[in-house]
Every structure is written in C-alpha cells, then in structure tokens.
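Peer 1: Output the structure for:
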Amino acid sequence: MRGRISRAGPDLALVLKEHEGTAELVKKAVAAQSEATEAKNAVRTCIGCRGTSDRIQLVRLVRSTSASGETEALVDVARRMPGRGAWLHPNPDCWKLAIKRRAVGRALPGVTKLSDVEVFAQKNLPLSAE
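Peer 2: Numbering: from 1, shown residues only. Below you'll find the predicted structure:
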C-alpha cells in the first residue's frame, strides 16, 4: 500500500513519519481527517422554516424517478440515497410550510408527486393530521 492513502486514520501518521520527508503528507492526512469529521456535523437549512440545524436533526428528501417515469420526492431515512437532497425539521409546522410555499418543488426541481412524503409525515410526525 505504499504511496497510496486510502483513509486518514490515527495510525496513518505513524506510518508516514517512518519515511523520510513526509511531513507535508502527514499534515495533509490530518487535515483530511478533520475535514471529514466536520462534514459529518454539517449544518443544513430546513426548506420549511428556513432555520439551520445539524443534518442529524433533519429529515432528508430526495428526488427519484419511478419505473413509470414519474418524478417523486422520497424520504431518505438513512441519508444515503444518491442525488440532491432537501432537508426538513421533523416538525409538522415545517412540513406544512414547505408544502404551502411549494418549497419541495423548488429544492428538488421536477418533482410531481409527494405521496411518500405525505405518508411519512402522517405516520411519523406528531399532530401532522391537523
């Protein structure tokens, strides 16, 4: 694995220090590791209330094309689906504001169907039926 850095881990710095003239590589590896840690705690904006929060506190929506060719918004519970995402607080007021303002359509252009989003809101958000 010489000459190839796959991940910046705590033991990587020790391996690189053994080789001559690798101070810059060590600095780059440590910087890459700290950037990756910061990305995990990234701040996102809710499309409903326009407030900011850590991505851990928000629900992610993504645009997806079904087999029938319809473009719909899906709830990405695992936050792993590919493509552009839109973020919402798990709060019924934010979801109502997003639908009222048509924010989902602006954040995810081309979306024609919100059925998955509405079903998720009814099942998982308190007082969302009101």
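Peer 1: the strands in this structure, which residues?
Peer 2: 43-45, 52-54, 59-65, 71-76, 85-88 (DSSP state E).
Peer 1: Which pLDDT value goes with T112?
Peer 2: T112 carries a pLDDT value of 83.
Peer 1: Correct me if wrong: it contacts E70.
Peer 2: Yes. Counting by CB atoms under 8 Å, T112 does reach E70; the two are 6.0 Å apart. For every residue, glycine as well, the C-beta is placed using N, CA and C.
Peer 1: which of these two has more neighbours?
Peer 2: E70 (12 against 9; other CB atoms under 10 Å).
Peer 1: Tell me who's in contact with that one.
Peer 2: T112, K113 (CB atoms under 8 Å, 6 or more residues apart in numbering).
Peer 1: ok, now the one 4 residues further on?
Peer 2: If a contact means CB under 8 Å, 6+ apart, then L74 has L61, V62, R63, S64, M81, D116, V117 as its contacts.
Peer 1: Tell me the buried residues in stretch 100-114?
Peer 2: A103, V104, G105, A107, L108, V111, L114 (16 or more other CB atoms under 10 Å).
Peer 1: Among these, which one sits closest to R44?
Peer 2: A107 (11.1 Å; CB to CB).
Peer 1: what's the nearest residue to that closest one if we skip its chain neighbours?
Peer 2: Once flanking residues are discounted, A107 sits nearest to A86: 3.7 Å by CB to CB, 6 or more residues apart in numbering.
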